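Novice: Have a look at this fold, sequence not included:
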């Protein structure tokens, strides 16, 4: 049993290291103006890890969307029917639902064309170009094995790719905002985003809606590993910890209430560390894999279970 567990962990570590060293990230557009926090050193990523960032204009997405719609592409018709079969789209105009579906296929085509296995999307600031929010696309692409971060968060894209790799590509990862504390549980936090979580992670007891191009549903219960790849002053860190999804108040967008053993300790490490408001999540317990992968990649592993700086 020890050998079996050790071998399984080693294979997952290898998958993470291989993924990072071969990573090509499609950078769709520029970061939204207020989001200085998502800046990343693309030169550092290339020289230290072999990560390539490939610029792709949002206008290329829009052009491909128009081609799919105007050409009455069969793939689009099939995918549109699939979306409507899974999500309630009644609050949206038909042409907007069609554009949302076309956006997913357009992004997928462009990522495959550029040989990219992860992406970072300008998202809400590109809506005037695309004609519809891109949120649904991000969740759907994660389920295609091609995770994309919000707000052009390059380091977030690396985080998502690493998390998907720990499952050997069998599970989808999600990128969430750190938002507010649970109203009754001081050790739980709302991991939320406006609507880009993978449909495959939806709670089976929860319905799914597509509202204004943004998904709305709660994620399922289960163990979750949370991590964040980030840098400061040329040093790269990997924050990692484990917890679980718990019950909590219903809200909008896509979300999960995440309970840790001691959220105050987690919160202080996230605030004092070189991290931003985004964290990645994957279902399962994979902190030991991430810790070992960090060693091979030359990252400083920041264990959520270890006490950091105490706040005043």
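Specialist: Nice, thanks for sending it over. Note that the structure is predicted; figures quoted are calculated from it, not measured.
Novice: how about the strands in the stretch 101-250 of the chain?
Specialist: Applying DSSP state E, counting those that start in this stretch to the stretch 101-250 of the chain gives strands spanning 118-121, 148-149, 174-181, 188-193, 209-211, 214-218, 222-232, 235-246.
Novice: what about the shortest one, average pLDDT?
Specialist: Taken as a whole, strand 148-149 carries a mean pLDDT of 98.
Novice: Just give the strands next to that strand in its sheet, each with its orientation.
Specialist: strand 118-121 (parallel) (DSSP bridges).
Novice: The partner strand: how far from the chain's middle?
Specialist: With CA atoms, centre = their mean, to the nearest Å as the basis, strand 118-121 stands 9 Å off its chain's centre.
Novice: Run through who's touching that strand.
Specialist: 23-29, 107, 111, 134, 137-138, 141, 146-154, 156-158, 160-161 (CB atoms under 8 Å, 6 or more residues apart in numbering). Bear in mind the C-beta positions are built from the backbone N, C-alpha and C, glycine included.
Novice: which stretches of the stretch 201-312 of the chain have low pLDDT?
Specialist: Applying pLDDT under 70 to the stretch 201-312 of the chain flags residues 312.
Novice: all helices of it, in order?
Specialist: 263-272, 287-297 (DSSP state H, counting those that start in this stretch).
Novice: Can you lay out the strands of the stretch 101-250 of the chain as TSV showing mean neighbour count and distance to residue 302?
Specialist: TSV is the format used below for the strands of the stretch 101-250 of the chain (neighbours: other CB atoms under 10 Å; distance: least, CB to CB, whole Å):
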stretch	mean neighbour count	distance to residue 302
strand 118-121	28	22
strand 148-149	28	19
strand 174-181	19	15
strand 188-193	23	17
strand 209-211	20	36
strand 214-218	24	28
strand 222-232	21	8
strand 235-246	20	4
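Novice: Distance to residue 260 added to those, as JSON lines?
Specialist: Formatted as JSON lines, the strands of the stretch 101-250 of the chain follow (distance: least, CB to CB, whole Å):
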{"stretch": "strand 118-121", "distance to residue 260": "26"}
{"stretch": "strand 148-149", "distance to residue 260": "22"}
{"stretch": "strand 174-181", "distance to residue 260": "11"}
{"stretch": "strand 188-193", "distance to residue 260": "7"}
{"stretch": "strand 209-211", "distance to residue 260": "29"}
{"stretch": "strand 214-218", "distance to residue 260": "18"}
{"stretch": "strand 222-232", "distance to residue 260": "8"}
{"stretch": "strand 235-246", "distance to residue 260": "4"}
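Novice: To residue 296, which of these lies closest?
Specialist: Distance to residue 296, taken as CB to CB, is lowest for strand 235-246 among those, at 11.3 Å.
Novice: so how far is residue 32 from residue 134?
Specialist: 12 Å (CB to CB, to the nearest Å).
Novice: what's the overlap in contacts for these two?
Specialist: residue 123.
Novice: So between these two, which is more surrounded?
Specialist: Neighbours around residue 134 and residue 32, counted as other CB atoms under 10 Å, are more numerous at residue 134. The numbers are 30 against 16.
Novice: From residue 125, how far out is that one?
Specialist: Taking CB to CB, one finds residue 134 at 10 Å from residue 125.
Novice: What of residue 236?
Specialist: Relative to residue 125, and taking CB to CB, residue 236 is found at 27 Å.
Novice: same deal with residue 34?
Specialist: 9 Å.
Novice: For residue 225, which residues are in contact?
Specialist: 163, 166, 240-242, 281-287, 290.
Novice: who wins for neighbours among those?
Specialist: Highest neighbour count within those, by other CB under 10 Å: residue 163, with 31 neighbours.
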